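Engineer: got a structure for you, letters missing:
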């Protein structure tokens, strides 16, 4: 038995999880690798070759690292659980006129729970992933903070992970910049992996065409939603659209010429209408956030200052957040563009994540 303990490492076959596994092995942990098969793209009817964490090449890459270093590696099939929960939610959210973030949902409800379940079965004390985030314990709370490399920070997608799961979690690459991780991979002999391009697509939509995915999941969808109205902010009909699920808040490319740029301001699934407006009409300085998971604090007792991100690549804006029962009211210091219901809002105090939730609605404070 290793002095450091036994640790289950989620291995996607990518550079970050590979370097994580090697680092932990070199630090003296007894490493067990695990690769989760979450999706079989061929079943979706897509035209692009299967890529990413579920491809056979990626699984083989992960297994090869385990063979090289002499530790165990397992593949687990969680496609049924993943599909029932993550994909059904993805479809349901678009059908409700919202914009989901399936990676957050997968981390929160699928991956960590699947890892912990297998960790218990294999007598592993800890689990590790290749996320660029840092983790510490303070005042009996597990606190996630941003990864050292701000360009690669992935704390945003981890807001939903529970304290119970974080108790046993390790993020080996969070204290490094990406170029350093690439150099480590080269030094370890994984030159091809270090030069491998990264995918930022949703794993079950590898062609990045979510509209096509929705059509394949609901064959009668186009007939049900085609011919709806584009309306202006006064409610006047200004054109026809292809169906409300195929639009997102802030979208500019609409397939229709209006003489000057128009943006999606609001989506109403009940009437199959999509409201268009000028770019400045996307700006809001308030929103409501629900389905909360707080990490740094158990509750927010008083209104407090926070940097709030409304999407993954958002830099974040100064705000005041107030917890009112099971929701948080966010008031921004300056207006924020394209706040989309269904997306995740994540709150930070410095580099520490306070917590996050799902955006329910936005509003403008006059």
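Structural biologist: Now that the structure is in, tell me what you want to look at. Computed from a predicted structure; not experimentally measured.
Engineer: how about the helices in the protein?
Structural biologist: Applying DSSP state H to the chain gives helices spanning 15-27, 56-69, 79-82, 88-95, 102-106, 112-121, 163-166, 178-187, 191-194, 210-217, 221-225.
Engineer: So which of those helices is nearest residue 352?
Structural biologist: helix 163-166 (13.2 Å; CB to CB). Heads up, the C-betas are built off the backbone N, CA and C, glycines and all.
Engineer: So which bits of that closest one are buried?
Structural biologist: 165, 166 (16 or more other CB atoms under 10 Å).
Engineer: contact partners of that helix?
Structural biologist: By CB atoms under 8 Å, 6 or more residues apart in numbering, the list of residues contacting helix 163-166 from outside reads 112, 113, 116, 135, 141, 142, 144, 295.
Engineer: Now render the helices of the chain as a markdown table, adding distance to residue 311.
Structural biologist: A markdown table is the format used below for the helices of the chain (distance: least, CB to CB, whole Å):
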| stretch | distance to residue 311 |
| --- | --- |
| helix 15-27 | 22 |
| helix 56-69 | 26 |
| helix 79-82 | 23 |
| helix 88-95 | 15 |
| helix 102-106 | 11 |
| helix 112-121 | 22 |
| helix 163-166 | 23 |
| helix 178-187 | 21 |
| helix 191-194 | 29 |
| helix 210-217 | 15 |
| helix 221-225 | 25 |
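Engineer: among those, which gets the worst mean confidence?
Structural biologist: Lowest mean pLDDT of the helices of the chain: helix 79-82, a mean of 84.
Engineer: before we move on, back to that, widest-spaced pair of the contacts of helix 163-166?
Structural biologist: 113 and 141 (20.3 Å).
Engineer: dump the residue contacts of residue 264.
Structural biologist: 247, 248, 249, 250, 251, 254, 274, 275, 276.
Engineer: how about a cut-off of 6 Å?
Structural biologist: Listed by CB atoms under 6 Å, 6 or more residues apart in numbering, the contact set of residue 264 reads 247, 249, 251, 274.
Engineer: Turn the buried ones among the residues you listed into a named ChimeraX selection, would you?
Structural biologist: In ChimeraX, a selection of the buried entries from the contacts of residue 264 looks like this (16+ other CB under 10 Å):
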select :247,249,251,274
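Engineer: which two in the contacts of residue 264 are spaced the farthest apart?
Structural biologist: Using CB to CB, the two most remote members of these are 249 and 274, lying 10.0 Å apart.
Engineer: Poorly predicted segments of this protein, please.
Structural biologist: 1-2, 40-55, 199-200, 366 (pLDDT under 70).
Engineer: Kindly report the domain assignment for it.
Structural biologist: Structural domains assigned to the chain are 6-194, 224-277, 281-363, following automatic domain parsing.
Engineer: want to throw these into a markdown table with distance to residue 218?
Structural biologist: Compiled in a markdown table, the domains of the chain are given as follows (distance: least, CB to CB, whole Å):
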| stretch | distance to residue 218 |
| --- | --- |
| domain 6-194 | 7 |
| domain 224-277 | 8 |
| domain 281-363 | 18 |
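Engineer: which one of these lies closest to residue 204?
Structural biologist: Closest approach to residue 204 among these is made by domain 6-194 (4.3 Å; CB to CB).
Engineer: Go ahead and confirm residue 75 touches residue 35.
Structural biologist: Yes. Residue 75 is within contact range of residue 35, at 5.0 Å (criterion: CB atoms under 6 Å).
Engineer: Give me the more crowded residue out of these two.
Structural biologist: Taking neighbours as other CB atoms under 10 Å, residue 75 and residue 35 compare with residue 35 leading, 24 against 13.
Engineer: For the more buried one, give its distance to residue 12.
Structural biologist: 7 Å (CB to CB, to the nearest Å).
Engineer: What does the residue nearest to residue 82 when sequence neighbours are not counted show for phi and psi?
Structural biologist: Once flanking residues are discounted, residue 82 sits nearest to residue 38: 4.4 Å by CB to CB, 6 or more residues apart in numbering. For residue 38, the backbone dihedrals (degrees, to the nearest 10) come out as phi -100, psi -20.
Engineer: Surely residue 38 and residue 81 touch.
Structural biologist: No. Counting by CB under 6 Å, residue 38 does not reach residue 81; the two are 8.8 Å apart.
Engineer: Looking at these two, which one has more neighbours?
Structural biologist: Neighbour count, other CB under 10 Å: between residue 38 and residue 81, residue 38 has more, with 23 against 14.
Engineer: Relative to residue 100, how far out is that one?
Structural biologist: Distance from residue 38 to residue 100, by CB to CB: 16 Å.
Engineer: Give me the number of neighbouring residues for residue 230.
Structural biologist: Residues near residue 230, counting by other CB under 10 Å, number 20.
Engineer: so how many other residues sit close to the residue nearest to it when sequence neighbours are not counted?
Structural biologist: Nearest non-adjacent residue to residue 230, counting by CB to CB, 6+ apart: residue 239, 4.1 Å away. Residues within reach of residue 239, counting by other CB under 10 Å, total 17.
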